[in-house]
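Undergrad: the following comprises the amino acid sequence and a computationally predicted model.
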Amino acid sequence: MPGGVSKDWPTNRPTINNPDFAVRAFTASPAPQQPCALLVGFGAPVSVNVSGCTILVATDAAVLTSTDASGVARYPIPVPAAANLLGSKLTLQALLARASGPFLGIAATTAGLEITIGT
């Protein structure tokens, strides 16, 4: 994938009352201590082409972090014990700072991920 970002990966299942649920964004080539943002959408995915990259998330929230020494960004998303969240969908997509990256020349994007809160 151009820009070196491969994918968003859940660390375990997004279930009700799971305080340890998280998503990791991996880089194809290690990029330690690079700024990274996780875009979060609370509804149906969108598809907007920006500078040759497809943004798949209606950005309702953004979480900023940086990659670790191995080029991985980790985003904790604890799921509370709230039964009304069952079946809720989240769309996630990470942007990783990259000089000359395909997203506006400053970043690379992951392919995106849609998760559903389950039991």
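TA: Done, it's in. Treat the numbers as computed from the prediction; the structure is a model and nothing was measured.
Undergrad: how far away is L96 from G118?
TA: As judged by Cβ to Cβ, to the nearest Å, L96 and G118 stand 28 Å apart. In short, each C-beta sits where N, CA and C put it, glycine included.
Undergrad: so for the two, which sits in the more crowded spot?
TA: L96 (25 against 14; other Cβ atoms under 10 Å).
Undergrad: I'd assumed P102 was in contact with that one.
TA: No. Taking Cβ atoms under 8 Å as the definition, L96 is not a contact partner of P102, at 11.0 Å.
Undergrad: where in the chain is pLDDT low?
TA: For the chain, the stretches flagged by pLDDT under 70 are 1-8, 27-30.
Undergrad: repeat the analysis, applying 50 as the threshold.
TA: Residues of the chain that meet the criterion pLDDT under 50 lie in 1-4.
Undergrad: in it, which strand has the most residues?
TA: When the chain is parsed with DSSP state E, its longest strand is strand 89-97.
Undergrad: who does it pair up with?
TA: strand 35-41 (antiparallel), strand 107-109 (antiparallel), strand 113-116 (antiparallel) (DSSP bridges).
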